[in-house]
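A.B. asks: After the sequence you'll find the predicted model.
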Amino acid sequence: MSKEFDVVVIGSGPGGQIAAIRAAQLGFNTACIDEWKNEKGGPAPGGTCTNVGCIPSKALLQSSEHYEQAGHHFADHGIGVAGLSVDIAKMLARKASVVKQNNDGILYLYRKNKITFFHGRGSFVKADDKGYEIAVAGDKPDTLIAKHVIVATGSNPRALPGAAFDEETILSNDGALRIPAVPKTLGVIGSGVIGLELGSVWRRLGAEVTILEALPAFLGSVDEQVAKEAHKALTKQGLKIHLGVKISEVKAGKGAVAVAYADAAGKEQKLEVDRLIVSIGRVPNTIGLNAEAVGLKLDERGFIAVDGDCKTNLPNVWAIGDVVRGPMLAHKAEEEGSAVAERIAGQHPHVDFNTVPSVIYTSPEIASVGQTEQQLKASGRAYKAGTFPFMANGRARALGDTTGLAKVIADAKTDEVLGVHIVGPGASELIAEAVMAMEFKASSEDIGRICHAHPTLSEATKEAALAVEKRALNF
Ligand SMILES: Cc1cc2nc3c(=O)[nH]c(=O)nc-3n(C[C@H](O)[C@H](O)[C@H](O)COP(=O)(O)OP(=O)(O)OC[C@H]3O[C@@H](n4cnc5c(N)ncnc54)[C@H](O)[C@@H]3O)c2cc1C
């Protein structure tokens with residue numbers, strides 16, 4: 001007999017998991033289906049984010065940063081480290097245990113909120129007047145009937161044509177997070193968030209890392225001034241970044257990969273590396289969903305087509321997160337998940353993409369919200385900008401990390417904050433203040449007048465806001 005639910009969520013990444021919890025909180029009888037398996041074949045909810053994305057990458061970024069600090073920076077503090085070594089197996093085991101804690105935490109939240117969890121692949125079977133029939137294929141096959149369906153099936157890494165992932169020498173994010181020993185040489189194709197973060201991890205651990213990027217500009221979507229600072233800092237650390245390249249061939253041999261490419265000047269080049277990470281973007285995942293069975297519409301790029309409220313072309317079918325348009329970020333998926341559950345309950349929440357922050361967790365971190373200077377120039381909107389270097393921030397000096405700057409951009413007339421861009425220590429945490437300010441339509445003067453604790457890195461944002469009116473107090 002089929003099991004009936006008010007809401008069935010397909011996918012338990014950050015989007016699906018938050019949608020399910022919010023729906024249950026709102027009183028709906030809710031189920032969530034997810035197919036991700038842990039090493040033992042058991043459920044591993046949390047999606048890309050928890051299993052092969054945000055969480056394990058940050059675990060390895062932290063471990064590798066400790067190693068980098070101990071090897072290169074502790075001495076500045078008068079701390080000597082003799083016999084420094086790294087145990088990659090232990091580092092990977094720690095990462096795996098962090099992932100498991102998150103998997104278990106989600107299952108605990110499902111039990112606490114009385115959400116029924118199904119481990120397996122969910123696919124549409126048909127729609128009739130009872131609702132949508134969804135088959136669960138897995139160890140315990142099942143059939144569910146749902147009044148509302150929320151599709152949150154996420155995304156998969158994009159492969160380079162002719163260079164399929166083998167996760168041994170040609171690695172997606174998955175393989176790149178479990179390389180068993182530090183490669184002597186590592187190539188990375190794509191200098192986006194994932195390429196820079198994972199390239200940084202293995203460089204800190206001792207690999208010689210070369211990054212090949214097709215675009216002529218480094219981090220083209222980031223504010224130019226900030227991207228320049230980041231490029232300078234990352235290059236100084238030893239990442240070799242080549243921009244404007246055109247890959248012609250990738251050939252994997254035994255324990256090595258050869259990449260043929262034309263450099264920015266059009267000259268043929270060859271890169272031979274032990275391993276190659278391909279991080280050239282992600283594609284929406286609708287594999288096995290059987291969208292055709294109910295006529296669920298995809299757009300020309302394979303995303304599930306939705307309107308601004310995440311409604312699909314079908315009544316009571318919603319889609320959120322990486323499988324729909326918009327930035328592929330965990331917190332964007334979460335916002336959409338919570339908003340959709342509330343819409344099903346008749347509420348009217350709003351998700352503003354303009355205040356969705358983005359962060360690159362390199363060192364220095366790069367964080368931004370709102371519009372960049374180049375976007376404002378292109379739109380013709382009059383603005384004024386203030387910047388403040390961490391070099392002049394007392395806390396940054398005490399930390400021994402004075403790289404980068406904070407930048408606040410405001411409307412020339414109204415002084416409303418239009419964008420905040422930070423490259424430097426703690427940028428991932430500092431950006432929250434800027435998001436809050438923008439949500440409340442604050443002016444740069446508002447940020448400048450708020451009392452910030454001293455000495456903190458957040459004083460750099462305050463000073464950048466004051467610099468908008470050329471009245472920074474400490475520079
Ligand atoms: C290396 C890396 C680092 C990242 N770091 C960050 C970061 O620091 N911050 C950030 O915001 N974002 C980060 N991201 C992006 C982030 O992981 C995604 O934006 C986020 O996971 C999208 O969430 P989602 O819920 O839409 O989908 P996903 O997390 O992809 O989850 C989808 C889930 O649905 C399941 N599924 C798919 N189809 C079916 C089906 N038919 N039946 C049952 N289950 C199904 C999948 O198994 C998966 O568990 C990172 C990504 C990568 C790869």
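C.D. replies: Now that the structure is in, tell me what you want to look at. Residues are numbered from 1 along each chain as shown.

A.B. asks: Show me which residues of this protein sit near the ligand.
C.D. replies: Within the chain, the residues that sit near the ligand (Cβ under 6 Å from any ligand atom) are 10-16, 33-36, 47-49, 53-54, 57, 121-123, 152-155, 173, 194, 285, 288-289, 321-322, 328-331, 333, 361. Using the backbone N, CA and C atoms, a C-beta is placed for each residue, glycine as well.

A.B. asks: Weed out the non-buried ones from the residues you listed.
C.D. replies: Buried members of these, counted by 16 or more other Cβ atoms under 10 Å: 10-16, 33-36, 47-49, 53-54, 57, 121-123, 152-155, 173, 194, 285, 289, 321-322, 328-331, 333, 361.

A.B. asks: What is the neighbour count of residue 464?
C.D. replies: 28 (other Cβ atoms under 10 Å).

A.B. asks: Let me see the confidence value for whatever residue of the stretch 251-400 of the chain ends up closest to the ligand.
C.D. replies: Using Cβ to the nearest ligand atom, the single residue of the stretch 251-400 of the chain nearest to the ligand is residue 321, 2.2 Å away. On the pLDDT scale, residue 321 is placed at 98.

A.B. asks: thought it was touching residue 18?
C.D. replies: No: shown here, residue 321 and residue 18 do not form a contact pair, counting by Cβ atoms under 8 Å, at 9.5 Å.

A.B. asks: Find residues that contact each of those two.
C.D. replies: Contact with both residue 321 and residue 18 is made by residues 333, 337, according to Cβ atoms under 8 Å, 6 or more residues apart in numbering.

A.B. asks: residue contacts, residue 160?
C.D. replies: For residue 160, counting by Cβ under 8 Å, 6+ apart, the contacting residues are 189, 247, 250, 278, 280.

A.B. asks: Which strand residues bridge it?
C.D. replies: Residue 160 has these beta-bridge partners by DSSP bridges: residue 163.

A.B. asks: Was I right to think residue 475 contacts residue 464?
C.D. replies: No: taking contacts as Cβ under 8 Å, residue 475 lies outside contact range of residue 464: 9.6 Å.

A.B. asks: which residues are in contact with both of those two?
C.D. replies: Residues touching both residue 475 and residue 464 (Cβ under 8 Å, 6+ apart) are residue 388.

A.B. asks: what's next to the helix or strand of the chain with the lowest mean pLDDT, contact-wise?
C.D. replies: Ranking every helix and strand in the chain by mean pLDDT, DSSP states H and E puts strand 246-253 at the bottom, with a mean of 95. Residues from elsewhere that reach strand 246-253 (Cβ under 8 Å, 6+ apart): 160, 162-163, 166, 169-170, 189, 212, 214, 257-262, 268, 276, 278.

A.B. asks: ok, now with 10 Å
C.D. replies: Contact with strand 246-253 is made by 160-164, 166, 168-170, 187, 189, 212, 214, 257-264, 266, 268-272, 275-276, 278, 280, as judged by Cβ atoms under 10 Å, 6 or more residues apart in numbering.

A.B. asks: neighbours around the closest residue to residue 447 other than its chain neighbours, how many?
C.D. replies: What sits nearest to residue 447 in space, not counting adjacent residues and going by Cβ to Cβ, 6 or more residues apart in numbering, is residue 465, at 3.7 Å. Number of residues near residue 465 (other Cβ under 10 Å) recorded here: 32.

A.B. asks: For whichever helix or strand residue 465 is part of, the averaged confidence score.
C.D. replies: Element membership for residue 465, per DSSP states H and E: helix 458-468. For helix 458-468, mean pLDDT rounds to 98.

A.B. asks: That one - contacts with which helices or strands?
C.D. replies: Judged by 3 or more Cβ pairs under 10 Å, 6 or more residues apart in numbering; DSSP states H and E, the packing partners of helix 458-468 are strand 383-389, helix 394-399, strand 405-411, strand 417-424, helix 427-439, helix 444-449.

A.B. asks: Counting by contacts, list what the last one packs against.
C.D. replies: For helix 444-449, the packing partners by 3+ Cβ pairs under 10 Å, 6+ apart come out as strand 383-389, strand 405-411, strand 417-424, helix 427-439, helix 458-468.

A.B. asks: And these: which comes nearest residue 372?
C.D. replies: Of all these, it is strand 417-424 that lies closest to residue 372, at 6.1 Å by Cβ to Cβ.

A.B. asks: one step back: wait, the residue of the stretch 251-400 of the chain closest to the ligand sits on residue 334?
C.D. replies: Yes: if you go by Cβ atoms under 10 Å, residue 321 and residue 334 touch, sitting 8.3 Å apart.

A.B. asks: Next, the residue lying closest to residue 462 once chain neighbours are set aside: secondary structure please.
C.D. replies: Distances taken as Cβ to Cβ, 6+ apart place residue 452 nearest to residue 462, at 4.7 Å, with adjacent residues excluded. Three-state call for residue 452 (DSSP: H, G, I helix; E, B strand; the rest coil): coil.

A.B. asks: which residues of this protein score low on pLDDT?
C.D. replies: Within the chain, the ranges that satisfy pLDDT under 70 run 1.

A.B. asks: Residue of the stretch 151-300 of the chain closest to the ligand, please.
C.D. replies: residue 154 (2.0 Å).

A.B. asks: Please list all residues in contact with that residue.
C.D. replies: 11-16, 34, 36, 47-49, 53, 282, 284-286, 320-323, 328, 333.

A.B. asks: go on, residue 418?
C.D. replies: Contacts of residue 418 by Cβ under 10 Å, 6+ apart are 354, 369-373, 375-376, 381, 383-385, 408-412, 438, 444.

A.B. asks: how about a cut-off of 8 Å?
C.D. replies: With contacts defined as Cβ under 8 Å, 6+ apart, residue 418 is in contact with 370-371, 376, 381, 383, 409-411.

A.B. asks: Check residue 155 too.
C.D. replies: By Cβ under 8 Å, 6+ apart, the contact set of residue 155 is 48, 282-285, 322-323, 328.

A.B. asks: What about those residues, which are in strands?
C.D. replies: Secondary structure from DSSP state E places 282-284 of the contacts of residue 155 in strands.
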